[in-house]
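J.: Here is my input; please provide its structure:
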Amino acid sequence: MSPSKRSASYHRLTVLFVQKATQSIGLTKVIHGNSQEHEDVLAIEEPLEIRLAYQEAGISKVKSISVTMRTPGRDADLATGFLYTEGIINSIDQISAVGQTAFTCAENKENIIQVILKDGVVPHLQNTDRNFYTTSSCGVCGKGSINAIRTVSSTERSPDELTISTDQLYGLPRALREQQAIFDDTGGLHACALFNTSGDLTLLREDVGRHNALDKLIGASLQMGQLPLNDHILLLSGRASFELIQKAAMADIRIVAAIGAPSSLAVQLAEEFNITLIGFLRDQRFNIYTLPHRILLSVHENSY
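T.: Residues are numbered from 1 along each chain as shown. Just a heads-up that it's a prediction; the model follows:
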């Protein structure tokens, strides 16, 4: 195949990845105690499995390299960039083609991308096993990931009467900020905190990684014999992603509030696991994305 034909083929395959990156969702918006049904737009979050096809000693092989959470779109860029930055390839000239596989999951989503190396190119696959996030029998889709979490979660989810008022919610970000000792010194750390139903902060952990901060929080609770955490409210200093809601579900947390926005898959997972999910909690306002019955609203109006 001539260089011009290889270039045309590569382009033809990569333009297939024009996928929807946002999703509209209904929610309850609360501002200064007044609530209103509203529609908002969320960034879509879905898994992407990256597969590598190559030849070794004359035998064709296909290896799953990584499963990563991403917003759909530019998947070919993501896959090739990942292979390069991980040192698996060292030149774009080593790639023959990039394309989605013919396999689609139960939700008809195409979340598997395959990178085909040229004949004679040997990928550097050392340490690739550390890149696996999760796997599912359904292939790779949001539903498959949620089912996988349900399988590994050993927590029995009992009925609860957990509630919190709007005034208590408004006070959580300030209470978190006042206790962030490392943030005061550095100005740039993520934090997670647990609150009781009176709005009192009971545990705080910080880390440069938001997932690490939540792991530290749940790990400390586990060591203190406090799990399940179904009588606590979790506050996240940033946005709410699928992975953070997954961790909250494993600890049986029933109310999660985030200073930032949730992703589409975080909302879906929260609903599946009976979690009340709140986003944009700041400046006396917040949005309720799932299970609003746990939030005690003082006033409900049809418009502002």
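
J.: contacts, neighbours, all on C-alpha from now
T.: Fine.

J.: what packs against the helix or strand where Ala220 lies?
T.: Applying DSSP states H and E as the criterion places Ala220 in helix 210-223. Contacts defined by 3 or more Cα pairs under 8 Å, 6 or more residues apart in numbering; DSSP states H and E place helix 210-223 against strand 190-195, strand 201-207, helix 242-250.

J.: Quick one: residues contacting Leu235.
T.: Counting by Cα atoms under 8 Å, 6 or more residues apart in numbering, Leu235 touches 172-173, 192-195, 256-259.

J.: Looking at the helices and strands packed on helix 210-223, which is nearest to Pro123?
T.: When those are ranked by distance to Pro123, counting by Cα to Cα, first place goes to helix 242-250 at 29.3 Å.

J.: Show me what the helix or strand hosting Ser96 is packed against.
T.: With elements delineated by DSSP H and E, Ser96 resides in strand 95-100, which encompasses its position. With contacts defined as 3+ Cα pairs under 8 Å, 6+ apart, strand 95-100 has these neighbours: helix 3-14, strand 112-117.

J.: circling back to that earlier point, could you give me the average pLDDT of the helix holding Ala220?
T.: What helix 210-223 shows for mean pLDDT is 89.

J.: and the helix or strand that it is followed by, which strands flank it?
T.: Where DSSP H and E defines the elements, the next helix or strand beyond helix 210-223 is strand 233-236. In the sheet, strand 233-236 lines up against strand 190-195 (antiparallel), strand 255-258 (parallel) (DSSP bridges).

J.: I'd like the contacts of Leu235 laid out as JSON lines, including distance to Ile50 and neighbour count.
T.: Output for the contacts of Leu235, formatted as JSON lines (distance: Cα to Cα, whole Å; neighbours: other Cα atoms under 10 Å):
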{"residue": "Leu172", "distance to Ile50": "39", "neighbour count": "23"}
{"residue": "Pro173", "distance to Ile50": "38", "neighbour count": "19"}
{"residue": "Cys192", "distance to Ile50": "31", "neighbour count": "26"}
{"residue": "Ala193", "distance to Ile50": "34", "neighbour count": "26"}
{"residue": "Leu194", "distance to Ile50": "36", "neighbour count": "26"}
{"residue": "Phe195", "distance to Ile50": "39", "neighbour count": "21"}
{"residue": "Val256", "distance to Ile50": "31", "neighbour count": "22"}
{"residue": "Ala257", "distance to Ile50": "32", "neighbour count": "27"}
{"residue": "Ala258", "distance to Ile50": "30", "neighbour count": "24"}
{"residue": "Ile259", "distance to Ile50": "31", "neighbour count": "19"}
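
J.: If we only consider the residues you listed, which is nearest to Val115?
T.: The shortest gap between Val115 and any of those belongs to Ala258, at 36.4 Å (Cα to Cα).

J.: correct me, but the closest one touches Leu244?
T.: No - look at Ala258 against Leu244 with Cα atoms under 8 Å: they stay out of range, at 10.4 Å.

J.: how about low-confidence regions in the stretch 51-200 of the chain?
T.: Low-confidence segments of the stretch 51-200 of the chain, defined by pLDDT under 70, are located at 102-109, 127-157, 182-187.

J.: isn't Asp252 right next to His232, touching?
T.: No - with the criterion set as Cα under 8 Å, Asp252 and His232 do not qualify as a contacting pair; they are 9.4 Å apart.

J.: picking that back up, just put the contacts of Leu235 in JSON lines and tack on distance to Asp283.
T.: JSON lines is the format used below for the contacts of Leu235 (distance: Cα to Cα, whole Å):
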{"residue": "Leu172", "distance to Asp283": "11"}
{"residue": "Pro173", "distance to Asp283": "9"}
{"residue": "Cys192", "distance to Asp283": "19"}
{"residue": "Ala193", "distance to Asp283": "19"}
{"residue": "Leu194", "distance to Asp283": "20"}
{"residue": "Phe195", "distance to Asp283": "19"}
{"residue": "Val256", "distance to Asp283": "18"}
{"residue": "Ala257", "distance to Asp283": "14"}
{"residue": "Ala258", "distance to Asp283": "13"}
{"residue": "Ile259", "distance to Asp283": "10"}
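
J.: quick check: mean pLDDT across stretch 279-289?
T.: Per-residue pLDDT over stretch 279-289 has a mean of 95.

J.: Dump it to PDB, restricted to CA.
T.: Output in PDB follows, covering the C-alpha atoms of stretch 279-289 (Å, rounded to 0.1, in the frame of the first residue of the first chain):
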ATOM      1  CA  GLY A 279     -24.200  19.100  42.000                       C
ATOM      2  CA  PHE A 280     -23.100  22.700  41.900                       C
ATOM      3  CA  LEU A 281     -23.400  23.100  45.700                       C
ATOM      4  CA  ARG A 282     -22.200  26.700  46.100                       C
ATOM      5  CA  ASP A 283     -23.400  30.200  46.700                       C
ATOM      6  CA  GLN A 284     -26.700  29.200  48.300                       C
ATOM      7  CA  ARG A 285     -27.700  27.000  45.400                       C
ATOM      8  CA  PHE A 286     -27.500  23.400  44.100                       C
ATOM      9  CA  ASN A 287     -29.100  21.000  41.600                       C
ATOM     10  CA  ILE A 288     -30.600  17.600  42.600                       C
ATOM     11  CA  TYR A 289     -30.100  15.000  40.000                       C
END
